[in-house]
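K.L.:
curious how this folds, go ahead:
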Amino acid sequence: MSLLSKFKNDPLFTKVMRSSGSLFSNNTLALGLSVVQGIMATRLLGPAGFGLIGVVMAFASVVNSVFSFRMSELVVRYGGEYLNKQEKEKASALIKAASLTESGVSLIAFLVVIATASLAEIYLAKTPDIAWMFTFFAINLLANFNTETSTGILQITNRIKLQGTINLIQAIVTTLVIAGAFFFNGSITVVLIAYLIGKSIVGLGLFFVAQNQLHEKLGSGWWRTPISALTARKEIFRFAFSSNISATIIKLFRESELIWVGFFLDTTAVGYYRVAYTITHFLAIPADPLIATTFPEINKLAVEKAWGKLKSFLKKITAFSFAYNIILGAGLIFLGQWVIQIYSGKEYLAAYPALVALTIGLVFNYILFWNRPLLLALGLPEIPVYVTLTVGIIKLALSFWLVPMYGVVAAGGLLSFYYIASVGMMVLRGIAEIKRKEER
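P.N.:
Sure thing, here's the model as predicted:
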């Protein structure tokens, strides 16, 4: 049997590819629109203004993640198991608890942003009289009060493709508002409003479509189920707490780059770095659908203790992601300067060294994108915490020395180091755990 036949004749792999493809098609259209947004925003605002918007948006996201319990992972891990076993009462109680917790956390995050906006103005944006921007954009945290839980619901009900539709809608609306600002000499405020509207559409849209799925799967009165119906509350809390710590660490050390660059350098440097960061994260467009569709399947195989099937599935997914990520990564490196000029103009070419550095780490990360979901499915939520914390502390310590000295290229190189070290360690630990369970 040929290699291609092995892939085509695997029903699980085919299922994942079909679901990913549906999500990918909408995300690709949204990507095209985000490129258009970037082209207009970079030219309208310039490096300093584009960087300032990036710091404002990143600050709200990081604050939210400090409190977030990654409810999508909790819902997939336990809600998916309960639905597979037709334990609808437990599934209802879990989702109710997740929804209420996430809503409370979103409110707390919003209040924290309000309380710290003036500090963010001084130490991160380093621009006077813009504290209101941090507070204003934080409104999206209230609109996204149920986003994580809703995403998990769509994953376990096999309706994750609806997320792509919502992403496309928000991309269209955001692009139209930014286009208005671009062609009619709008201000940075209009651009900020555009991004706020887009974020709000995603949050509220996911909530409504997820609620519709719950009514179909669990009945219209699912929310009346008491949380006390959960029987494994200690285990669930342990998972949620570990996910919260892990998510916070990841956000602080991996996904808060714009904030750190703003802290060490200035908003102009943030503008350069944001262009490099944005372009290289186009690699996430094909990867995100795979992550969203493979986690439920990995979790299902782990619950069933089908270790042979799990290893086979991981090999095929890795081979597929390796093939396209190597091609995309090489393209970004060799055509990076041209892409930067098309995306943002010649004044942003200083972003190219950071783009190269970031591409190396992101390619590695997206080839082995299943590293953390595998550990969660295997009941090892603490491992990502230990790994990401250790590598993150090393990265941050080096940042104080290297970033002020070498600028955005050092920031990109250190993030690549973080990806390669942390992902590599988690993959090795996950594979070792599968082997250990097989030998039992």
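K.L.:
just the element for the residue sitting nearest the centre point of the chain, please.
P.N.:
Centroid check for the chain by CA atoms, centre = their mean gives residue 288 as the closest residue, at 7.9 Å. Assessed by DSSP states H and E, residue 288 sits inside helix 284-304.
K.L.:
next structured bit after that helix?
P.N.:
Per DSSP H and E, the first helix or strand lying C-terminal to helix 284-304 is helix 307-344.
K.L.:
how about residue 113: what's its closest non-neighbour residue?
P.N.:
Spatial nearest neighbour of residue 113, excluding adjacent residues (CB to CB, 6 or more residues apart in numbering): residue 138 at 3.9 Å. (C-beta placed from N, C-alpha, C; glycine too.)
K.L.:
now swap in residue 146 and tell me
P.N.:
According to CB to CB, 6+ apart, the nearest residue to residue 146 is residue 207 (4.6 Å).
K.L.:
the one you found and residue 71: what is the separation?
P.N.:
Here the criterion is CB to CB, to the nearest Å. By it, residue 207 lies 12 Å from residue 71.
K.L.:
these two: which is more packed in?
P.N.:
Shown here are residue 207 and residue 71; by other CB atoms under 10 Å, residue 71 has more neighbours (28 against 20).
K.L.:
just give me the neighbour total for the residue nearest to that one when sequence neighbours are not counted.
P.N.:
Among residues not flanking residue 71 along the chain, residue 148 sits closest, at 3.9 Å (CB to CB, 6+ apart). Using other CB under 10 Å, residue 148 has 27 other residues around it.
K.L.:
now residue 391
P.N.:
Per other CB under 10 Å, the neighbour tally for residue 391 reads 23.
K.L.:
look up how far residue 258 lies from the nearest residue to residue 265 once chain neighbours are set aside.
P.N.:
Of all residues not flanking residue 265 in the chain, residue 407 sits nearest, at 6.6 Å (CB to CB, 6+ apart). Residue 407 is 14 Å from residue 258, where distance means CB to CB.
K.L.:
higher neighbour count, these two?
P.N.:
The neighbour count for residue 407 versus residue 258, taken as other CB under 10 Å, is higher for residue 258 (27 against 19).
K.L.:
show the contacting residues for the residue nearest to residue 113.
P.N.:
Listed by CB atoms under 8 Å, 6 or more residues apart in numbering, the contact set of residue 138 reads 60, 63, 109-110, 113-114.
K.L.:
likewise for residue 52?
P.N.:
45, 125, 127, 130, 133, 188, 267, 270 are the contacts of residue 52 under CB under 8 Å, 6+ apart.
K.L.:
report pLDDT for the nearest residue to it once chain neighbours are set aside.
P.N.:
Nearest residue to residue 52, sequence neighbours excluded (CB to CB, 6+ apart): residue 267, at 4.8 Å. pLDDT for residue 267: 95.
K.L.:
so residue 267 sits against residue 51, correct?
P.N.:
Yes - Residue 267 lies in contact with residue 51 (CB atoms under 8 Å); the separation is 3.8 Å.
K.L.:
more neighbours, those two?
P.N.:
Neighbour tally, residue 267 and residue 51, criterion other CB under 10 Å: the higher count belongs to residue 51, 27 against 24.
K.L.:
from residue 271, how far out is the more buried one?
P.N.:
Taking CB to CB, one finds residue 51 at 3 Å from residue 271.
K.L.:
ok, now residue 381?
P.N.:
Separation of residue 381 from residue 271 (CB to CB): 37 Å.
K.L.:
that older thread, buried stuff in the host helix or strand of the residue nearest to residue 71?
P.N.:
When elements are assigned from DSSP H and E, residue 148 belongs to helix 147-156. For helix 147-156, the neighbour count (16 or more other CB atoms under 10 Å) marks 147-156 as buried.
K.L.:
what's in contact with the following helix or strand past it?
P.N.:
For helix 147-156, the following helix or strand on the C-terminal side (DSSP H and E) is helix 161-183. With contacts defined as CB under 8 Å, 6+ apart, helix 161-183 is touched by 19, 22-27, 29-30, 33-34, 36-37, 40-41, 43-44, 151, 154, 186-187, 190-191, 193-195, 197-199, 201-202, 205-206, 209, 289, 292.
K.L.:
now the buried members of those residues.
P.N.:
Among those, those classed as buried by 16+ other CB under 10 Å are 19, 22-24, 26-27, 29-30, 33-34, 36-37, 40-41, 44, 151, 154, 186, 190-191, 193-195, 197-199, 201-202, 205-206, 209, 289, 292.
K.L.:
for the helix holding residue 288, the distance to its chain's centre please.
P.N.:
Remark: helix 284-304 is offset 14 Å from the chain centroid, using CA atoms, centre = their mean, to the nearest Å.
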